[in-house]
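**Q** Here is my input, please return the structure:
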Amino acid sequence: MARVAIVGGTGQEGFGLGLRWARAGLGVVLGSRVRERAEEAVQRARQLGVGYVSGATNREAADAGEVVVLAIPFHAHPQILPELREVVRGKVVVDTTVPLRRLNPPELVVPPEGSSAQRVQSLLPEAQVVAAFHTVSARKLHRLDVQLDEDTLVCGDDPEAKERAVELARALGLRGLDAGRLDQAATLERLAALVIGLNHRYRRTAVGIRFVGL
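**A** As a prediction, the model looks like this:
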């Protein structure tokens with residue numbers, strides 16, 4: 001499996017994904033706007049007994065990674081993604097973004113492109129963009145004693161890029177399911193907003209999804 005760079009690797013979702021992938025034996029680079037924050041996150045990972053982790057700026061991380069995972073807020077895309085365009089050329093870029101205007105109740109932002117992932121593709125046109133991991137609970141990712149037993153939907157226009165995301169899902173203990181082309185990302189993002197709403201409504205923190213019959 002390729003070395004994984006996480007842009008926004010010091011946030012709750014990015015750090016949790018990094019912990020799990022590193023524990024599975026993958027090389028992980030945690031990216032941040034500020035290098036010191038990335039290095040602090042590396043120390044936190046090591047205190048949890050997780051190796052195979054290094055820290056860098058977001059651009060340096062994306063340059064070093066063979067697969068690049070975006071775990072940054074939707075509103076930060078215009079500031080961060082143009083800086084990455086050259087270094088992610090030809091790479092698989094996995095967008096995990098749920099573009100929310102507000103959290104409780106969850107209200108989606110629908111960009112002109114149709115979804116966050118399609119917007120990422122417009123900003124990084126030479127990358128192979130895949131949408132995945134929208135419904136995976138950050139809190140559950142951080143609980144390394146808890147086994148993940150759910151599904152994640154994966155969509156994108158390049159079959160090989162989707163397979164890389166499915167491999168990353170498998171490394172987390174998830175089942176990755178091919179949900180179609182990148183224009184299906186809007187459905188994935190809406191599903192994630194629904195899951196967030198269920199968490200609030202039923203006072204949970206780790207509602208996930210699983211499809212039966214597959």
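**Q** quick one: buried residues of stretch 148-159?
**A** Across stretch 148-159, burial judged by 16 or more other CB atoms under 10 Å covers 148, 150, 151, 152, 153, 154, 155, 156. Quick note: C-beta positions are derived from backbone N, CA and C, even for glycine.
**Q** actually stretch 107-127, sorry about that
**A** In stretch 107-127, counting by 16+ other CB under 10 Å, buried: 108, 111, 113-121, 123-124, 127.
**Q** hmm, back to that, among the buried residues of stretch 148-159, which one has the lowest pLDDT?
**A** Scanning these for pLDDT, the smallest score is found at residue 148, 93.
**Q** ok, now which ones touch that residue?
**A** 20, 136, 140, 141, 172, 173, 174, 208 (CB atoms under 8 Å, 6 or more residues apart in numbering).
**Q** now, which of the buried residues of stretch 148-159 sits nearest residue 70?
**A** Each of these was checked against residue 70 using CB to CB; the closest is residue 156, at 13.2 Å.
**Q** nearest spatial neighbour of the residue nearest the centre of the chain, skipping sequence neighbours?
**A** Centroid check for the chain by CA atoms, centre = their mean gives residue 96 as the closest residue, at 3.6 Å. Of all residues not flanking residue 96 in the chain, residue 133 sits nearest, at 4.5 Å (CB to CB, 6 or more residues apart in numbering).
**Q** Export only the CA atoms of the longest helix seen in the chain, formatted as CSV.
**A** Scanning the chain for the longest helix, with DSSP state H as the assignment, gives helix 185-201. This file holds the C-alpha atoms of helix 185-201, laid out as CSV (Å, rounded to 0.1, in the frame of the first residue of the first chain):
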residue,chain,number,x,y,z
ALA,A,185,-20.6,12.3,-4.3
ALA,A,186,-23.5,14.6,-3.7
THR,A,187,-25.5,11.6,-2.5
LEU,A,188,-22.6,10.5,-0.2
GLU,A,189,-22.4,14.0,1.3
ARG,A,190,-26.2,14.1,1.9
LEU,A,191,-26.0,10.7,3.5
ALA,A,192,-23.3,11.9,5.8
ALA,A,193,-25.4,14.9,6.8
LEU,A,194,-28.2,12.5,7.6
VAL,A,195,-25.9,10.4,9.8
ILE,A,196,-24.8,13.5,11.7
GLY,A,197,-28.4,14.4,12.3
LEU,A,198,-29.1,10.9,13.6
ASN,A,199,-26.2,11.3,16.0
HIS,A,200,-27.6,14.5,17.4
ARG,A,201,-31.2,13.2,17.5
